[in-house]
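# Return atomic coordinates for the entry below.
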Amino acid sequence: MWVDARRKPDKRCATGLIQIKTPSATRGDGCGMEPAAFALASLTLLATPGPTNTLLATSGAIIGVRRSLPLLVAEFGGYVIAISLLIGLVGPVIAAAPVVGTALRLVAALYLLYLAAKLWRRGVEMPVAGASVTLTSVFVTTLLNPKAIIFAFTLLPADLALSALTPWMAGLSLMIGVVGSLWIAAGAFLRRGFAGIIPSRIGYRVSAVALALLAGSLSAHAFGVV
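Here you go, the predicted structure:
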């Protein structure tokens, strides 16, 4: 009697950094998700608070929705490059030398602390007309965003070459645009809603604290504390 090994509920799919237990929504080969499940999981992940979303909301609050929309291009570019490097290069290296993964998380945490310090100082100085979150800061922050690891090694199909991931990345770009726009709009709405009640520097300081907390969480994961 033939037994289809792909139907085993405890099959695991090795993907370089982590071992993924195959859920019921995964592909028949056990690696990666069906498009509908991928979309739902990606939207959920993108919508959760994080360093990139913090910057998008901050920009929306400071310079408004229309002027902040170009930042979405930087976010998408950061995710594409990060995911491509993780799948093609970093995964095999970290599998052979786990210390590299720890070092990468620490570098990301240090960058987030640097960004938090800049936002805090800007809050002290009071923002001036035209001051805003830059394309570079969004791009680098997204490049170092731990969410890229989840996309690369959990959500995207693990059995496909980078060249075959184009349709998946196209869908991801659409979701980035939708979710990123909502974060920008949320920042702009909060700024208008509390205009004259809460000083504008508070937005910078809240963003700085959020980034510092994220850096601490990333450092804790790097050292296996949580």
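# Okay, now the unreliable bits of the chain?
For the chain, the stretches flagged by pLDDT under 70 are 1-33, 122-131, 158-160, 192-204, 207, 218, 221-222, 224-226.
# One more pass at 90, please.
1-45, 47-51, 54, 57-58, 61-63, 85-133, 144-167, 186-226 (pLDDT under 90).
# In it, which residue is most central in space?
Lys147 (3.8 Å; C-alpha atoms, centre = their mean).
# Who are the contact partners of the closest residue to that one other than its chain neighbours?
Ranked by C-beta to C-beta, 6 or more residues apart in numbering and with sequence neighbours excluded, the top spatial neighbour of Lys147 is Leu45, at 5.7 Å. The C-beta positions use only the backbone N, C-alpha and C, and glycine is treated the same way. Going by C-beta atoms under 8 Å, 6 or more residues apart in numbering, Leu45 touches Lys147, Ile150, Phe151, Leu155.
# Now distance to Pro92 and secondary structure too, for these, in CSV please.
Output for these, formatted as CSV (distance: C-beta to C-beta, whole Å; DSSP: H, G, I helix; E, B strand; the rest coil):
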residue, distance to Pro92, secondary structure
Lys147, 21, helix
Ile150, 18, helix
Phe151, 17, helix
Leu155, 19, helix
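# returning to what we had before: roughly how far does the residue nearest to Lys147 sit from Thr142?
13 Å (C-beta to C-beta, to the nearest Å).
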